[in-house]
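In: The amino acid sequence is not available; the structure is as follows:
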């Protein structure tokens with residue numbers, strides 16, 4: 001399954017799957033981040049098929065994503081992330097709140113790896129925001145998903161590819177990828193050494 005980003009900003013985008021025929025895309029996931037003086041919250045929602053054909057789900061504009069989030073119509077919340085600067089962020093998934101460092105612990109200082117347990121009991125590892133592997137008795141490092149960046153001057157959209165072995169847990173893959181990808185995005189955009197060091201133990205920039 002190839003999920004294409006409508007915008008390069010992962011904190012504000014729509015993930016769409018290539019349709020069965022033609023070049024059309026089917027919007028599947030809505031990602032929006034609200035920032036206030038006291039907090040920043042990212043919400044990942046599934047888009048219902050009954051509203052997916054609406055123009056705002058296919059336009060790719062930041063204003064459309066905000067408009068959809070405000071109305072809430074046609075969206076089913078999958079996950080929510082409350083970002084915190086000086087302590088572990090919180091992740092809500094399947095109506096349960098987790099501390100991010102417990103839900104997806106970092107495997108080592110500055111390692112860039114986050115590990116979580118899937119519904120099948122296997123251990124899954126995000127290697128930065130680039131690719132996801134699972135450890136099974138048959139294959140200790142089977143690749144489940146990979147984020148593809150287009151080459152320089154290639155105008156193809158960025159996309160996340162999930163292979164067959166991961167289709168039983170797409171919501172979880174999306175939720176965990178959004179977390180690590182925004183961390184990476186924040187880290188890359190951090191302009192001061194202190195901002196990067198503040199969350200170095202959890203792949204951070206300005207959030208943890």
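Out: Alright, I've got the coordinates. All figures in this text were calculated on a predicted structure; none of them were measured in a lab.

In: in the protein, which ranges drop under the pLDDT threshold?
Out: By pLDDT under 70, the low-scoring segments of the chain are 19-23, 108-111, 151-155, 190-208.

In: Looking at this protein, which helix is longest?
Out: The longest helix of the chain (DSSP state H) is helix 170-189.

In: in that helix, what counts as buried?
Out: Under the neighbour-count criterion of 16 or more other Cβ atoms under 10 Å, helix 170-189 has 170, 172-187 buried. For the C-beta atoms, the positions are set from N, CA and C on the backbone; glycine is no exception.

In: other SSEs contacting the longest strand anywhere in the chain?
Out: The longest strand of the chain (DSSP state E) is strand 25-35. Helices and strands touching strand 25-35, by 3 or more Cβ pairs under 8 Å, 6 or more residues apart in numbering; DSSP states H and E, are strand 2-5, strand 13-18, strand 40-47, helix 62-71, helix 170-189.

In: Quick one, which of the ones you listed gets closest to residue 149.
Out: Each of these was checked against residue 149 via Cβ to Cβ, and the shortest separation belongs to strand 2-5, namely 10.3 Å.

In: Just give the closest residue to the residue positioned nearest the centre of the chain, not the sequence neighbours.
Out: With distances taken as Cα atoms, centre = their mean, the chain has residue 178 as the residue nearest its mean C-alpha position (1.5 Å). The spatial neighbour of residue 178 that comes closest, neighbours along the chain excluded (Cβ to Cβ, 6 or more residues apart in numbering), is residue 44 at 5.5 Å.

In: Help me confirm that residue 123 comes into contact with residue 113.
Out: No. Taking Cβ atoms under 8 Å as the definition, residue 123 is not a contact partner of residue 113, at 11.2 Å.

In: about what we covered before: could you export the helices and strands packed on strand 25-35 as CSV, including distance to residue 99?
Out: Supplementary listing: those in CSV, determined by distance: least, Cβ to Cβ, whole Å:
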stretch, distance to residue 99
strand 2-5, 27
strand 13-18, 26
strand 40-47, 16
helix 62-71, 25
helix 170-189, 12
